[in-house]
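K.L.:
coordinates for the following, if possible.
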Amino acid sequence: CKRAGLLWASLSCQSKGQDWTNEVKRLDEMMQALVDRVPLHTPVLVVFQRNYKRAMSLNKQRKAAQNPKSTCGWASTQEDEWTRVMSDCRKCEAVWLGSACPTSKTS
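P.N.:
All right, here's what the predicted structure looks like:
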């Protein structure tokens with residue numbers, strides 16, 4: 001009996017400024033380690049989502065500021081940033097790795 005399986009992980013890649021070299025190298029190493037350890041017939045889906053932590057943080061702040069009992073305001077500049085970050089966060093890239101081409105068996 002075969003069972004379907006799912007492995008899920010949240011990996012955070014952050015860089016300060018425009019120096020992505022170390023993060024890209026780290027990500028390449030993680031992907032290589034994953035591909036090396038997963039059987040070839042196992043499909044692996046990798047999804048990249050930008051600004052997730054920032055989007056979650058701004059979403060909490062916005063929700064709190066919109067509460068009628070809140071004494072904190074929410075400025076138009078904050079709304080603009082929230083809109084930009086949410087838009088970035090909603091755009092994802094997905095890559096399939098490590099799936100073998102199916103073979104047909106003839107009888």
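
K.L.:
CA atoms of the helix or strand harbouring D28 as CSV?
P.N.:
Using DSSP states H and E, the element containing D28 is helix 21-37. Coordinates of each C-alpha in helix 21-37 appear next as CSV, following Å, rounded to 0.1, in the frame of the first residue of the first chain:
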residue,chain,number,x,y,z
THR,A,21,25.2,36.6,-2.4
ASN,A,22,25.3,34.8,0.9
GLU,A,23,21.6,34.1,1.0
VAL,A,24,21.6,32.7,-2.6
LYS,A,25,24.6,30.5,-1.7
ARG,A,26,22.8,29.2,1.4
LEU,A,27,19.6,28.6,-0.6
ASP,A,28,21.6,26.7,-3.3
GLU,A,29,23.2,24.5,-0.6
MET,A,30,19.8,23.7,1.0
MET,A,31,18.3,22.9,-2.4
GLN,A,32,21.2,20.7,-3.3
ALA,A,33,21.0,18.8,0.0
LEU,A,34,17.3,18.3,-0.5
VAL,A,35,17.7,17.0,-4.0
ASP,A,36,20.6,14.7,-2.9
ARG,A,37,18.5,13.1,-0.1
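
K.L.:
which elements pack onto it?
P.N.:
Applying 3 or more C-beta pairs under 8 Å, 6 or more residues apart in numbering; DSSP states H and E, we find helix 21-37 packed against strand 44-49, strand 92-97. Yep, even glycine has a C-beta here, placed from its N, CA and C like the rest.

K.L.:
pick the most deeply packed of those strands.
P.N.:
Across the helices and strands packed on helix 21-37, averaging neighbours per residue (mean count of other C-beta atoms under 10 Å) puts strand 44-49 on top, at a mean of 13.

K.L.:
so it versus strand 92-97, what angle?
P.N.:
160 degrees (axes from the mean of the first three to the mean of the last three C-alpha atoms, to 10 degrees).
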